[in-house]
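>>> Got a predicted model here, sequence first, then my questions.
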Amino acid sequence: MNKRHGINPKINNSQSRFFLIIKIAIVCLLAYTIYAVYYPHYIHEQKFQKSSPFVIRRGPNLILENDTFHIIGVNDYGLAYENNNTIDQTFNQLHNAGVNTIRFWLFDDGDPNGFQPNPGSYNESRFKQADYVLFEAKKYNMKVIPVLVNNWTDYGGKDQYLKWVGINPSSDENAFYTDNQVTSLFKQYISYIFSRNNTYTHITYANDPTILGWDIMNEPRSTNQNAMNTWLIDIATYIKQHDPNHLVFAGTDVATSPAPYSDESINLCNSPAIDICSIHLYLFNSANNQPVYNSYDETIQFMQTQKNYADKINKPLLLEEFGVGQDTLPFGEDPLSVMQQIINYSNQQGLSGFLVWNWSQTTTSPFTFSPQGNSQGEYSLTDLEKLLH
C-alpha cells in the first residue's frame, strides 16, 4: 500500500481497467444502435448472412437462401380484389408459365369495398383476400410485392388522404408529402398491415417471407422533389424500424436523371433506407399516345443510364413495370418482339429482374395478358410464356 496516499495501486489499476471496458462497451452499443437506424440494410444483410427464407440484398444482388434471386414477374394490380377461385387460377397459371413474383395493390382508400374505407377503419373482408393472396404465394413458393399507396387517383391514392384531413388536392397536391396528419394516417395503415395475422397461414405480414419487399408508392410524383424524397425516406426508415425482415423500395419510375417527366423522383435509391432502385418503362405517353423514345437505341440508352447509376451506388436495379400495348408498332416492330428485346437486354446487363404490365383474369386493355387473350387486342397466356422463355 502506498502510505503517502493510502492507495493500493493494484486496486486502482483494476478499477481503471473495469471502467475502461464499460466505456468501450457503451460506445460500441451506441455505434451499433445508430448504424441500425441509419443503415438498416446492413443489419438486415448480416442477420440473414447464413440462410433465410426472406429475400435480402447483398450489394447489387438479391439473395434468397444464399443464391442469387432473379425476379421473373408480372404486375397484377387487382389481384386482391378477385375471389378465391380466380386467385387460385392466377397462381396456378403464372407458376406454370415460369413467374416467380407478382406485384399487386395492397390499398384502396375511401372505397366502402376497399382496404381502408375511412381513415383508420379497415375492411376485414378485403384484407382476407390479401391473406389468401399470401397463402397462395406460399403454396406455389412464389414471392409478392405489395404496394401501399398510389400516386394516382385510382383506388383513392394520395388525393384521398388529403381529402381525409380536409385539404383540397387541386389547391395543394404536394401537401401529401408535408402534412403531419397525412403522414400519421399512412404510418397507422402500415402498422396495421405489419401486425395483421393472416387468416390462412397465421403468420403476421411482417414475418411472412412470401413478401419480397414493401413498395411504398406506385409512381411517386411531385413538383417539390425535396419534400417528396424526404417523405419517402422517412416512410422507408419507419418501415425498416418496424419490420427488419423485408426489403423496401419506392415504386419510382426512374433511378436517376434524365427522367421522361419532370416531376418524377430521382436519386432516391441512394438513400440507405431504400434497398432497390426501380424503373418503369413505357414507350408511349399515355396522355397523347406520342412516343417517349424516338428509337430502340434511345430506350436502351435510358436503361443503361439507370443501370450505371445503380452500379455506382451498389444497389440492385429492377424493371418494376414495363409494357407495350398490342395496338402499337413501336419503332415499326411487333410489340411482343420489342418486349422480348427489352427483357433480353435487362438480363444481359444484370438487372435484378422485371415485372411485366399487366396480368389479369378480368380486366381488358391493350397492355393486358390474360389466359385466352381476345380479338380486341389482349395478349394471351401463350404470349406471356413466349415472352418469359
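Noted; the coordinates are in hand.
>>> how about the strands of the stretch 1-150 of the chain, start to end?
Remark: strands assigned in the stretch 1-150 of the chain by DSSP state E, counting those that start in this stretch are 56-58, 61-64, 67-68, 71-75, 101-105, 143-147.
>>> which residues touch the shortest one?
Counting by CB atoms under 8 Å, 6 or more residues apart in numbering, strand 67-68 makes contact with 61-62, all of which sit outside it. Where you see a C-beta, it was placed from the backbone N, CA and C, and this is true even at glycine.
>>> where's residue 377 relative to residue 285, distance?
19 Å (CB to CB, to the nearest Å).
>>> again, but for residue 92
Residue 92 sits 36 Å away from residue 285, going by CB to CB.
>>> Look up which residues are beta-bridged to the residue nearest to residue 372 when sequence neighbours are not counted.
Using CB to CB, 6 or more residues apart in numbering and skipping the chain neighbours, the partner closest in space to residue 372 is residue 380 (5.9 Å). For residue 380, the beta-bridge partners under DSSP bridges are residue 370.
>>> re earlier: between the strands of the stretch 1-150 of the chain, which gets nearest to residue 271?
strand 56-58 (13.4 Å; CB to CB).
>>> Reformat the strands of the stretch 1-150 of the chain as JSON lines; add distance to residue 137, mean neighbour count and mean pLDDT.
Converted to JSON lines, the strands of the stretch 1-150 of the chain look like this (distance: least, CB to CB, whole Å; neighbours: other CB atoms under 10 Å; pLDDT from 0 to 100):
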{"stretch": "strand 56-58", "distance to residue 137": "18", "mean neighbour count": "20", "mean pLDDT": "98"}
{"stretch": "strand 61-64", "distance to residue 137": "14", "mean neighbour count": "20", "mean pLDDT": "98"}
{"stretch": "strand 67-68", "distance to residue 137": "19", "mean neighbour count": "10", "mean pLDDT": "96"}
{"stretch": "strand 71-75", "distance to residue 137": "11", "mean neighbour count": "24", "mean pLDDT": "98"}
{"stretch": "strand 101-105", "distance to residue 137": "7", "mean neighbour count": "25", "mean pLDDT": "98"}
{"stretch": "strand 143-147", "distance to residue 137": "5", "mean neighbour count": "24", "mean pLDDT": "99"}
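>>> Distance to residue 226 added to the ones you listed, as TSV?
As requested, these are arranged in TSV below (distance: least, CB to CB, whole Å):
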stretch	distance to residue 226
strand 56-58	26
strand 61-64	29
strand 67-68	35
strand 71-75	29
strand 101-105	27
strand 143-147	23
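>>> Tell me which of those strands sits nearest to residue 81.
strand 101-105 (8.1 Å).
>>> Partner strands of that closest one, with direction?
strand 71-75 (parallel), strand 143-147 (parallel).
>>> where does residue 275 fall, phi/psi-wise?
Torsion angles at residue 275 (phi, psi; degrees, to the nearest 10) stand at phi -90, psi -30.
>>> Quick check: it touching residue 57?
Yes. Counting by CB atoms under 8 Å, residue 57 is a contact partner of residue 275 at 4.9 Å.
>>> which SSE is residue 187 in?
For residue 187, the element it lies in under DSSP states H and E is helix 180-195.
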